[in-house]
Each structure stands twice: as structure tokens, then as C-alpha cells.
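Asker: Curious how this folds, go ahead:
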Amino acid sequence: MANRRNVPSLLLYASPFLVLTSVPAYSQEVDSGGEKRTRIILGPQLSPSWPGADKYSVGPYIDVSRTRDSEFAFEAPDESFGSPLVRSGNFAFGPAFGFIGKRKASDIGADLPKVGLSVEAGAFGQVHLTPALRVRLEGRKGLSGHKGWTGEVSADYVARQGDDWLFSIGPRVTLGDAKYTRAYFGVTPAAAATSGLPAYDPGGGIQSVGVTAGYHRMLGRNWGIAVYGRYDRLVGDAADSPVTRGLGSRSQPSGGIALSYTFGGDR
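Answerer: Okay, here's the model as predicted:
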């Protein structure tokens, strides 16, 4: 999965870009004359270094949200970078961006082909079936690295008291096409000869299933704290891969903790 869980440490240098792409687009809202409020969330997160890894990387847990005279819109703590371009009732649509750190032979401990840093771009669509239930679908194409298609289907139950506190929890299903799956879990005959692993040619489909929970609470007028945890379990061809069984792990936990700072408006 190529969302915040997979942002490697080197992308700290790209934080200005990530901030810009993570600001929700509220320009379509009716200007009620009130002053906009801005909330910045920033802290560290720990996540698998690449899909199927048993090693972890520390990266930035970052989000920027804006609103005018209303509570901040819900964003799951593990969703991809992006902001709605179209809003119609309870539906929203917009771009989605993801990153996955590179995987070298020395990183994984076997002579397998390198998978470079993957920069992914795509789109998402989401709908609030009720005020407390949001369903989201996104797909992203690897512009570098794995160069395949990946995506995610998610649902979140949201309980909140305005902006004072918010709790969310929901299932995740991660998908990948054959090119994506082969990049991380496949073993070509040539790689089998050099790595000692059996040749393996996986197909696309469901890569993992999991669950994410997040919590944000204000500690005063401006400061707050945000935490999240996520657990994914590889399934299907990804779970059966000799790369996973011999060099990685089917369990893919991740999590982060951050401070938030809210400013502007009359709160």
C-alpha cells in the first residue's frame, strides 16, 4: 500500500509538496464571511519499508486541513495524499498520491531485482452513507518503481464531538495488479537462480486485508494530539510468495503519533 504508511524518511525533504497536496479544497464552499481555520498535524510514523517487509521505516505523519465556520472534515489517518476537487452532497472526488520506499537486494537479504522509489498518482472517490459512515475507493498508478496499479477499498465509522475529539475505525482491503504484485512478491527464473528462492509468478488481486483506528483530541484552544494504528495481513498470492515466507512477513502493522496545532477563526 502506498499511502502515509509507506512514506520513507527521505520524503521529509518533500514535506512542502506533501502539505500542499494534503490541504482539502474548500474553495467551493459558500463564503459565509467567517475566517478560515487551519489545522496542522505533524509527527513520526512507523511503517513497513515496502510491501511484505519485516523491516520498518520512520517517516512523517503529516496533514493540513482548512475549514470555514464549521468542523473539520473527516480524513482517515492512513489515506493517501490528495484533496477533493469535486464535492456534491455527500460525495467527493479528487487526486490521490502515494509513495513506497525503494527495495534493494541488500535490504531484503537476497539477490532479487531492485524496486526503485515508487511515486504513485491516481484518484479517489468517497461517499458518506451516513454522517458516521464513510466509504472510499482509490486507485493509483506507479510512475516509477513498481509501475503497476494499486488501490484500496476502505470504510470508516466516525464518532466525534465537533472538533474536540474524533475517533474512527474501519476495515481496509488493498489491491494490486499483476505488475505491482510481481515487483514485490514475484521471483523470476533468473532471480531464482541467484537468490536460491523458487521461481514464483503471482497474479493480481487482493493483496491484504486489515483495519485502521485513529483518534484526535484537542488539549486546549490550539494544541491537540493525534494517534493511529493499522494492521494488515497479506493474503492470496502475496502471502504465499517465497519472498514473504522466507524474507518478509505476512503481518504488516503500522502506526503514528503527532501533535496538532489549530489557528485562525474565533475558536
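
Asker: show me where the stretch 151-267 of the chain has strands.
Answerer: Taking DSSP state E, counting those that start in this stretch to define them, one finds strands in the stretch 151-267 of the chain at 165-176, 205-218, 223-234, 251-264.

Asker: Quick one: list the elements packing against the first one.
Answerer: I take that to be strand 165-176. Under the contact criterion of 3 or more C-beta pairs under 8 Å, 6 or more residues apart in numbering; DSSP states H and E, strand 165-176 touches strand 149-161, strand 205-218, strand 223-234. Any C-beta I mention is one placed from the backbone N, CA and C, and that applies to glycine too.

Asker: Swap in 7 Å and give it another go.
Answerer: strand 149-161, strand 205-218 (3 or more C-beta pairs under 7 Å, 6 or more residues apart in numbering; DSSP states H and E).

Asker: Run through the stretch 101-250 of the chain and note the low-pLDDT ranges.
Answerer: Residue ranges of the stretch 101-250 of the chain with pLDDT under 70: none are present.

Asker: all helices for the stretch 1-150 of the chain, in order.
Answerer: 15-21, 105-108 (DSSP state H, counting those that start in this stretch).

Asker: ok so, going back, could you dump the helices and strands packed on strand 165-176 to JSON lines with mean neighbour count and distance to Ala238?
Answerer: JSON lines is the format used below for the helices and strands packed on strand 165-176 (neighbours: other C-beta atoms under 10 Å; distance: least, C-beta to C-beta, whole Å):
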{"stretch": "strand 149-161", "mean neighbour count": "19", "distance to Ala238": "11"}
{"stretch": "strand 205-218", "mean neighbour count": "20", "distance to Ala238": "5"}
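
Asker: Output the ones you listed in JSON lines, with distance to Tyr61 appended to each entry.
Answerer: Conversion of the helices and strands packed on strand 165-176 to JSON lines gives the following (distance: least, C-beta to C-beta, whole Å):
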{"stretch": "strand 149-161", "distance to Tyr61": "17"}
{"stretch": "strand 205-218", "distance to Tyr61": "11"}
